[in-house]
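[1] Curious how this folds, go ahead:
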Amino acid sequence: MTTAAGLWSVACLGLVIGAGFYMMALFASLVMLLTLKTFNQLEIKFSKQKKTK
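    Numbers count the residues shown, from 1 in each chain. Purely as a prediction, here's the structure:
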């Protein structure tokens, strides 16, 4: 996820929390964390493959 996408996600999360949709905010936070973790692992995997070639 790019920095800009992360900023938009956090801004939207703030709006959702401000509107009082706490369960939706919790779900969105978990999805964002899962996405960041997954893409971080993929980036590590592919950067190692690129270095070995």
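
[2] Can you give me every residue that contacts Leu13?
    Taking CB atoms under 8 Å, 6 or more residues apart in numbering, we find Leu13 in contact with Ala25, Ala28, Ser29, Met32. For the C-beta atoms, the positions are set from N, CA and C on the backbone; glycine is no exception.

[3] can you pull the contacts of the first one?
    Counting by CB under 8 Å, 6+ apart, Ala25 touches Leu13, Val16, Ile17.

[4] Please name the spatially closest residue to the second one (chain neighbours excluded).
    When you say that, I think you mean Val16. Ala25 (4.6 Å; CB to CB, 6 or more residues apart in numbering).

[5] tell me the average confidence for the host helix or strand of the one you found?
    When elements are defined using DSSP states H and E, Ala25 is found to belong to helix 22-52. The pLDDT scores in helix 22-52 average 89.

[6] List the buried residues of it.
    Of the residues in helix 22-52, those scored as buried under the neighbour-count criterion (16 or more other CB atoms under 10 Å) are Ala25, Ala28, Met32.
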